[in-house]
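Asker: have a look at this prediction, sequence included:
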Amino acid sequence: MTLAIIVHGGAGGWNQSTARKQEAIAACAQAAEAGQAILRQGGSAVDAVEAAVNILEDCPVLDAGRGSYPNAEGNVEMDALIMDGRDLNLGAIAAIQRVRHPISLARRVMLESGHSFLVGAGADAFADDIGFERCSVEELLIDDLHIDEMIPTSAIGDTVGAVALDIHGNVAAATSTGGTANKRAGRVGDSPLVGSGAYADNWTAAVSATGYGEALMRIVISKRVCDFVGTGLSARSGFTSVRSNL
């Protein structure tokens with residue numbers, strides 16, 4: 001069985017020639033390598049995408065975990081979604097604060113909460129109930145990420161994600177984000193919405209999305225790409241078909 005993992009650091013300014021770009025590329029390479037190591041050892045696709053996204057969440061030039069953009073009130077509210085293509089099980093969180101690895105909390109939601117999606121104060125309370133590690137807002141904000149007209153001038157990527165295929169033929173997808181810079185408090189984009197920010201099922205494909213959430217959620221982009229793959233199209237052709245509707 002072929003093993004595979006693909007990671008992304010978001011639809012940001014990858015045409016920039018800066019040290020930050022190299023840092024982002026290095027983080028993506030490290031994330032892919034970490035996921036591959038798990039898959040080579042017989043680990044699950046879900047384990048691989050979580051490990052890969054953890055690394056991307058630690059990269060300060062990407063908009064997820066550490067390096068997330070502040071909202072209009074100066075707070076960091078993050079969203080994440082993880083999905084297991086084997087049984088369509090999923091876990092998602094939205095508007096979570098003070099966690100370094102939102103994707104790992106989303107997986108704990110999937111495994112331990114009895115629910116699939118927790119938001120805001122409820123997600124915070126769940127994190128505390130299970131003893132999930134918390135951090136300060138200052139640990140998430142990057143001091144030299146200056147805001148000019150509320151847009152991060154040094155931004156390279158944004159939403160991060162990963163998809164994987166393991167030796168058992170199972171696929172998984174994961175997406176994590178700090179959201180749009182200067183967003184309204186409580187704003188949730190496509191990233192934690194099943195079928196929009198990510199989707200995975202063993203019968204078609206695994207997808208992790210990035211881009212302008214208000215557009216992507218309108219067409220449920222990740223699920224639609226999977227549906228196109230289910231008709232026999234390649235992943236690239238499926239995405240091209242969906243993109244024509246944006």
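Answerer: On my side now, so go ahead. Numbers count the residues shown, from 1 in each chain.

Asker: pLDDT weak spots in this protein?
Answerer: The model of the chain has pLDDT under 70 over residues 1, 13-17, 143-157, 239, 243-246.

Asker: which helix of it spans the most residues?
Answerer: helix 19-40 (DSSP state H).

Asker: chain center to whichever helix or strand comes after it, what's the gap?
Answerer: Elements were assigned by DSSP states H and E; along the chain past helix 19-40, the next helix or strand is helix 45-57. Mean C-alpha position of helix 45-57 versus that of the full chain (C-alpha atoms, centre = their mean, to the nearest Å) differs by 9 Å.

Asker: do stretch 78-91 as well
Answerer: Remark: stretch 78-91 is offset 10 Å from the chain centroid, using C-alpha atoms, centre = their mean.

Asker: residue nearest the centroid of the chain?
Answerer: Thr175 (1.7 Å; C-alpha atoms, centre = their mean).

Asker: isn't there a strand covering it?
Answerer: Yes. Assigned with DSSP: H, G, I helix; E, B strand; the rest coil, Thr175 falls within a strand.

Asker: can you map out the helices along this structure?
Answerer: Going by DSSP H, the chain shows helices at 19-40, 45-57, 102-112, 120-129, 137-140, 213-216, 221-230, 235-243.

Asker: go ahead and confirm Ala174 touches Val49.
Answerer: Yes. Ala174 sits in contact with Val49 when judged by C-beta atoms under 8 Å, with a separation of 3.9 Å. No exception for glycine: its C-beta is placed from N, CA and C like everyone else's.
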